[in-house]
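Novice: fold the following and give me the result.
(one chain, ligands or ions: 1)
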Amino acid sequence: MIKKINVGMVGYGFMGRTHSNAFLQAGNFFELPFQPVLKTVCARNAERVKAFAANWGYENVETDWRRMVESPEIDLVDIASPNDTHLEIAVAAARAGKMVMCEKPLGRNAMESELMVAAVEEAGAANMVWYNYRRVPAVMLAKQLIDEGRLGKIFHYRAKFLQDWTISTELPQGGEGLWRLDRSVAGSGVTGDLLAHTIDTAMWLNGGIEEVSAMTETFIKSRKHNLTGQVEPVEIDDASLALARFRNGSLATFEATRYARGHKALYTLEINGENASIMWDLHDLHRLQYFDHKDEGLVRGWKSIHITDREHPYMSHWWVPGLQIGYEHTFIHQVADFLTAAGEGKSASPTFREALATEDVTDAVLESAASRQWVKVRTRVDI
Ligand code: SOE
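Specialist: You can find the predicted model right below:
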């Protein structure tokens, strides 16, 4: 009989929902070594956590994460709470002998992430960070095409993550739902929240980043803080733009903002190689645009590949060719890959160590923006 593993999740926001849904569905679509059981969900607000547990079918609720992490009933701790809680919970979970999954960014900065890497590695705990966009089948196909050498030498990498939800000056900062605007909780603004996604995908597809030159801006300088009721300075970056050089010589531009009116979550990437180019767009996530210069001149042009065939990554687990999948499936794939790796005693990518490499880059971006200088990225992870 398939072994059950008990999941203890901290947090019940947007990510708590995506993760819970993924744990529930993964075993129905993938053959896994473990069946995840939604054992306990933990959050500070007892009423709301009870309602969340009832909705998703968690067996127990808890308001003290330490009790949940120490419980012998829990095998896997999943951290979906605000960024300032990640370090303490992950270290405690690893020391308690649990597997650990953590929402991105891993820590509020590389210094915190380093401690988390040390904790899971010392404990030998299976670990993974939820950089979910790697597991969009079209993005996975891009990886396959690059690894097969179809693009040849890569010259350019271009990525953007655009949103518009903080433009109003009336929007407060801090507290539930708005902690992403409070630097003491989030660590940074769009650099850690959105640019980090583009960096994670970029290094996975095209290798390590050597140096960056960046600028950031805080367009709205003060906002009412939900926890104090006072108007306080805004310390996060509202927009973040970086030029970067990869170790393999290719050049990149990265942009993240919450001030791109009309864009809700437009993550796009484009890669230009010697032989071929690739474009992908989160609003059309089941398509990969592909141009191959080797095609016969008469019919050469951009192809829009509909990623629904059985031979496309992950798609043999879903419906029938022609029928597409969506955002929530990226989290289901992540659970499936994590449990498959855990079954072999391994971690799944991006591991805590790989996510630390992303934070080495986002820290360098913030440092470059502050100093107005090019900054070399610390390279302690072999990507
Ligand atoms: C922020 O609005 C956010 O929810 C990020 O925190 C997620 O990582 C991103 O995928 C969507 O936008």
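Novice: residues from the protein in reach of the ligand?
Specialist: Residues of the chain found near the ligand (Cβ under 6 Å from any ligand atom) are 14, 163, 193, 265. The C-beta positions use only the backbone N, C-alpha and C, and glycine is treated the same way.
Novice: who's in contact with the last one?
Specialist: Read it as residue 265. Counting by Cβ atoms under 8 Å, 6 or more residues apart in numbering, residue 265 makes contact with 161, 162, 163, 282, 283.
Novice: mind running it again at 7 Å?
Specialist: Contacts for residue 265 (Cβ atoms under 7 Å, 6 or more residues apart in numbering) come out as 163, 282.
Novice: and for the second one?
Specialist: Residues in contact with residue 163 (Cβ under 7 Å, 6+ apart) are 194, 257, 258, 260, 263, 264, 265.
Novice: whichever residue of the stretch 51-200 of the chain sits closest to the ligand: what secondary structure?
Specialist: Closest residue of the stretch 51-200 of the chain to the ligand, Cβ to the nearest ligand atom: residue 193 (4.8 Å). Following DSSP: H, G, I helix; E, B strand; the rest coil, residue 193 is assigned to helix.
Novice: tally of neighbours for it?
Specialist: By the criterion of other Cβ atoms under 10 Å, residue 193 has 23 neighbours.
Novice: how far away from the center of its chain is the helix or strand hosting residue 342?
Specialist: For residue 342, the host element (DSSP states H and E) is helix 327-343. With Cα atoms, centre = their mean, to the nearest Å as the basis, helix 327-343 stands 13 Å off its chain's centre.
Novice: just the CA trace of the helix or strand just after that helix, in PDB.
Specialist: Following helix 327-343 in sequence order, the next helix or strand is helix 352-371 (DSSP H and E). Output of helix 352-371 as PDB, limited to C-alpha atoms (Å, rounded to 0.1, in the frame of the first residue of the first chain):
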ATOM      1  CA  PHE A 352      17.100  25.600  -0.900                       C
ATOM      2  CA  ARG A 353      20.600  25.900  -2.200                       C
ATOM      3  CA  GLU A 354      19.500  26.800  -5.700                       C
ATOM      4  CA  ALA A 355      17.100  29.400  -4.300                       C
ATOM      5  CA  LEU A 356      20.000  30.900  -2.300                       C
ATOM      6  CA  ALA A 357      21.700  31.500  -5.700                       C
ATOM      7  CA  THR A 358      18.600  33.500  -6.800                       C
ATOM      8  CA  GLU A 359      18.900  35.600  -3.600                       C
ATOM      9  CA  ASP A 360      22.600  36.200  -4.200                       C
ATOM     10  CA  VAL A 361      21.400  37.800  -7.500                       C
ATOM     11  CA  THR A 362      18.500  39.800  -6.000                       C
ATOM     12  CA  ASP A 363      20.700  41.000  -3.100                       C
ATOM     13  CA  ALA A 364      23.300  42.100  -5.800                       C
ATOM     14  CA  VAL A 365      20.400  43.900  -7.700                       C
ATOM     15  CA  LEU A 366      19.500  45.800  -4.500                       C
ATOM     16  CA  GLU A 367      23.100  46.600  -3.700                       C
ATOM     17  CA  SER A 368      23.700  47.900  -7.300                       C
ATOM     18  CA  ALA A 369      20.600  50.100  -7.200                       C
ATOM     19  CA  ALA A 370      21.700  51.600  -3.900                       C
ATOM     20  CA  SER A 371      25.300  52.100  -4.900                       C
END
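Novice: what sits up against the helix or strand that helix 352-371 is followed by?
Specialist: Scanning forward in sequence from helix 352-371 by DSSP H and E, the next helix or strand is strand 375-376. With contacts defined as Cβ under 7 Å, 6+ apart, strand 375-376 is touched by 210, 211, 212, 364, 367, 368.
Novice: check which helix or strand covers the residue nearest to residue 281 when sequence neighbours are not counted.
Specialist: Excluding the flanking residues, the one nearest residue 281 by Cβ to Cβ, 6 or more residues apart in numbering is residue 268, at 4.8 Å. According to DSSP H and E, residue 268 maps onto strand 266-273.
Novice: could you pull up the mean pLDDT of that strand?
Specialist: Across strand 266-273, the average pLDDT comes to 98.
Novice: go on, stretch 357-364?
Specialist: pLDDT averaged over stretch 357-364 gives 98.
Novice: just stretch 295-312 next, same as before
Specialist: 98.
Novice: model confidence score at residue 380, please.
Specialist: pLDDT for residue 380: 74.
Novice: now for the contacts of strand 375-376, which pair is the farthest apart?
Specialist: 210 and 367 (14.6 Å; Cβ to Cβ).
Novice: need the worst-confidence member of the residues of the chain next to the ligand.
Specialist: residue 14 (95).
Novice: can you count the residues close to that one?
Specialist: 11.
Novice: from residue 331, how far off is it?
Specialist: 11 Å (Cβ to Cβ, to the nearest Å).
Novice: equivalent analysis for residue 120, please.
Specialist: Distance, residue 120 to residue 331, using Cβ to Cβ: 20 Å.
Novice: which one of the two has more residues nearby?
Specialist: Per other Cβ under 10 Å, whichever of residue 120 and residue 331 has more neighbours is residue 120, with 25 against 22.
Novice: right, and that one touches residue 352 too?
Specialist: Yes: the pair residue 120 / residue 352 is scored as a contact, 5.2 Å apart, by Cβ atoms under 7 Å.
Novice: go through the helix or strand harbouring residue 216 and flag the buried ones.
Specialist: Using DSSP H and E, residue 216 sits in strand 209-217. Neighbour-count burial for strand 209-217 flags 209, 210, 211, 212, 213, 214, 216 (criterion: 16 or more other Cβ atoms under 10 Å).
Novice: run through who's touching the helix or strand following that strand.
Specialist: Scanning forward in sequence from strand 209-217 by DSSP H and E, the next helix or strand is strand 222-224. For strand 222-224, contacts defined as Cβ under 7 Å, 6+ apart pick out 171, 172, 173, 181, 231, 232, 233, 234.
Novice: of these - the most surrounded one?
Specialist: For the contacts of strand 222-224, the largest neighbour count, defined by other Cβ under 10 Å, is 26 neighbours, found at residue 173.
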